[in-house]
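Asker: Generate a structure from the sequence data that follows.
(chains A and B)
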Amino acid sequence: MASMALQIARKDLLVEFRTKRTLNSMLLFSILVILAFRFAFSTTKLDAAVVAPAALWITFILAGMFALSAGFAREKDQDTFQALLLCPGKRSSIYLGKMLSSFVLIMLVELFSLAAMAVFFEYDFAGPAQFASVLVVMMLGTLGFVGVGTLLSAIAMNTQMREVMLPVLLLPLIVFTIIMPAVTATSRLLNNESILDVSAEIRLLITFAIVYIVAAIMLFGYVIEE
Amino acid sequence: MNLATRNVRMALFGATLPMLLLAVYMALVYAPSVSVGFAAPNAQRIFYFHVAAAWVSYLAFFITAGCSVVYLKTRSMAFDTVASSSAEIGLVFCTTAIITGAIWARAEWGVFWRWEDMKLFLTLVLWLVYMSYISVRGMVAARETRGRISSVFGILGVLCIPLSFSANRIWAQFHPTVIATSQGSLQPAMLAALMVAVVSLSLFYFCVLMIRVDIENFHHAVEELKEKLGDEADE
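Answerer: Below is the predicted model:
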């Protein structure tokens, strides 16, 4: 199961990096959202540690949805989904592969957005320890996000107006389980608290990442049967 | 509909109406006012229907999840019909719980809503999840796909909510926990009024569920007849 998932993830990333269509639009989009936040605060006082965590996670979630919907939309549009279903092995390895490739893409965009935030919001990281802590929170939050997002993207693919349905399905499920703890943790870390002070939020992120991924592995087969 | 199920229905409908009237009487007249610890002693009478509506909405969503699991296993359309009907009714009760809660909060706290209270926040999230459930059903034309897709989403929603409720303790909470607190539990008369309200609204839920399932079945029967007519016209 793991090797097939890795193969699918590798294939997806290869296809993506040949054209870089999704990646480029995600990067452009994320810098636009960060700049929009910056412009919105251009005439009022900007406290980076207050605004940045919310701005960052809104950017991550909105840009991330491009990667999530592109993963399945490409297979559907180019009629390659049937071939994917014919692959020997478990159906859930398709889910794991798609999840992995989205995770890599979204993490790249998140690193870029974080740098853009530091530049435009003029935020100075205190040191490598603080940067690494923020990175840990970002990775855990993103893991839960792609965990449930990949399943919901497969659901949305079966509906009319799939671009609208993905956020409609995804946001209610992640607003408390991912966005709340991730924004709280990021905000406290940017206020120079240590990673040990946010252990409750980190536990919550880990719990929901596991719950979503396990549930998705069990349910994915029902979503894609033809 | 055979005679036995019809009799059961008549008995259920017949029991529900007097129970609802009794619940109103007990909440408004029979139950004592509480003056200790509350700013608005009579406003808390809304609590009997607030708690009962919240309870019925949880019941309805769990029935949705249960029927979704059975549907995925058996692929019997009857379970899909019950799951979607129950979700719609649960959404109405959830809305009732949120509105009654907001009315009470205005009298007691002076504000309609407290964003920092996780119990309120999560109930709103629950409401949003089932709004999405209803809207995804409207976006799939094929009946079998619709059942599959919405079942998966219904299970995911019910999975995430109880976990969220148990995880929310790390943040602040203002919503009163009334069944058992450090100040003691409810007075017997209030507990009786609450129980009657819960039972009567649960009975009411089952009445509405039966009617909603009937409507859905009629709807599909009409669709099938239309298809048949269409086929004959083509020939």
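
Asker: Just the element for the spatially most central residue of chain B, please.
Answerer: The structure's chain B has its C-alpha centroid closest to residue B:57; by Cα atoms, centre = their mean the separation is 2.0 Å. According to DSSP states H and E, residue B:57 maps onto helix B:47-74.

Asker: tell me the angle of the very next helix or strand once past that helix relative to helix B:47-74?
Answerer: Per DSSP H and E, the first helix or strand lying C-terminal to helix B:47-74 is helix B:77-108. Angle of helix B:77-108 versus helix B:47-74, following axes from the mean of the first three to the mean of the last three Cα atoms, to 10 degrees, is 160 degrees.

Asker: Could you list every helix and strand in contact with helix B:77-108?
Answerer: helix B:47-74, helix B:118-138, helix B:143-167, helix B:188-234 (3 or more Cβ pairs under 8 Å, 6 or more residues apart in numbering or on different chains; DSSP states H and E). All C-beta atoms are positioned from the backbone trio N, CA, C, and that covers glycine.

Asker: Select from those helices the stretch with the lowest mean pLDDT.
Answerer: Across the helices and strands packed on helix B:77-108, helix B:143-167 has the smallest mean pLDDT, namely a mean of 84.

Asker: Just to be sure, residue A:90 is in a helix?
Answerer: No. Assignment of residue A:90 by DSSP: H, G, I helix; E, B strand; the rest coil gives coil, placing it outside any helix.

Asker: contacting residues for it?
Answerer: A:1, A:4 (Cβ atoms under 8 Å, 6 or more residues apart in numbering or on different chains).

Asker: Could you rerun that using 10 Å?
Answerer: A:1, A:4, A:5, A:96, A:217, A:220, A:221 (Cβ atoms under 10 Å, 6 or more residues apart in numbering or on different chains).

Asker: Also residue B:147?
Answerer: Here residue B:147 is in contact with B:68, B:71-72, B:75-77, B:79-81, B:83-84, B:137, B:140 (criterion: Cβ under 10 Å, 6+ apart).

Asker: roughly how far apart are it and residue A:68?
Answerer: From residue B:147 across to residue A:68, the span is 24 Å (Cβ to Cβ, to the nearest Å).

Asker: and the nearest residue to residue B:208 once chain neighbours are set aside, how many residues sit next to it?
Answerer: Ranked by Cβ to Cβ, 6 or more residues apart in numbering or on different chains and with sequence neighbours excluded, the top spatial neighbour of residue B:208 is residue B:89, at 5.3 Å. Residues lying near residue B:89 (other Cβ atoms under 10 Å in any protein chain shown) number 23.

Asker: Just to check, residue B:89 is in contact with residue B:64?
Answerer: Yes. Using Cβ atoms under 10 Å, residue B:89 is in contact with residue B:64, at 9.5 Å.

Asker: Helices along chain A, start to end?
Answerer: Counting by DSSP state H, residue ranges of the helices within chain A are A:2-19, A:21-40, A:48-77, A:81-86, A:92-120, A:128-157, A:162-174, A:180-190, A:199-224.

Asker: any chance of those in JSON lines, plus mean pLDDT?
Answerer: Formatted as JSON lines, those follow (pLDDT from 0 to 100):
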{"stretch": "helix A:2-19", "mean pLDDT": "89"}
{"stretch": "helix A:21-40", "mean pLDDT": "92"}
{"stretch": "helix A:48-77", "mean pLDDT": "90"}
{"stretch": "helix A:81-86", "mean pLDDT": "84"}
{"stretch": "helix A:92-120", "mean pLDDT": "93"}
{"stretch": "helix A:128-157", "mean pLDDT": "94"}
{"stretch": "helix A:162-174", "mean pLDDT": "90"}
{"stretch": "helix A:180-190", "mean pLDDT": "92"}
{"stretch": "helix A:199-224", "mean pLDDT": "91"}
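
Asker: Can you say which of these is nearest to residue B:13?
Answerer: When the helices of chain A are compared by Cβ to Cβ, helix A:162-174 sits nearest residue B:13, at 34.5 Å.

Asker: in that closest one, what's buried?
Answerer: A:162, A:165, A:166, A:167, A:168, A:169, A:170, A:171, A:172, A:173, A:174 (16 or more other Cβ atoms under 10 Å in any protein chain shown).

Asker: next one: stretch A:118-132
Answerer: A:120, A:121, A:125, A:130.

Asker: The last one: what's it in contact with?
Answerer: What it means is residue A:130. A:124, A:189, A:190, A:192, A:193, A:194, A:195.

Asker: make it 8 Å
Answerer: A:189, A:192.

Asker: what number of residues lie near residue A:219?
Answerer: 22.

Asker: Skipping adjacent residues, who's closest to it in space?
Answerer: Nearest non-adjacent residue to residue A:219 (Cβ to Cβ, 6+ apart): residue B:152, at 4.8 Å.

Asker: go on, residue A:97?
Answerer: Nearest to residue A:97 is residue A:8, by Cβ to Cβ, 6+ apart, at 2.7 Å.

Asker: again with residue A:89
Answerer: Nearest to residue A:89 is residue A:4, by Cβ to Cβ, 6+ apart, at 4.3 Å.

Asker: There's contact between the one you found and residue A:97 in this structure, I believe.
Answerer: Yes. Here residue A:4 reaches residue A:97: they are 7.0 Å apart, a contact under Cβ atoms under 8 Å.

Asker: quick one: which of these two has more around it?
Answerer: It is residue A:97, of residue A:4 and residue A:97, that has more neighbours when counted by other Cβ under 10 Å, with 26 against 17.

Asker: residues contacting the more buried one?
Answerer: A:4, A:5, A:6, A:7, A:8, A:9, A:11, A:12.

Asker: can I assume the last one is in contact with residue A:99?
Answerer: Which is residue A:12. No. Between residue A:12 and residue A:99 there is no contact under Cβ under 8 Å: 10.2 Å.

Asker: who has more neighbours, the two?
Answerer: Per other Cβ under 10 Å, whichever of residue A:12 and residue A:99 has more neighbours is residue A:99, with 28 against 23.

Asker: mind listing what that one touches?
Answerer: Counting by Cβ under 8 Å, 6+ apart, residue A:99 touches A:146, A:147, A:150, A:213, A:216.

Asker: for stretch B:103-113, which positions count as buried?
Answerer: B:104, B:105, B:108.
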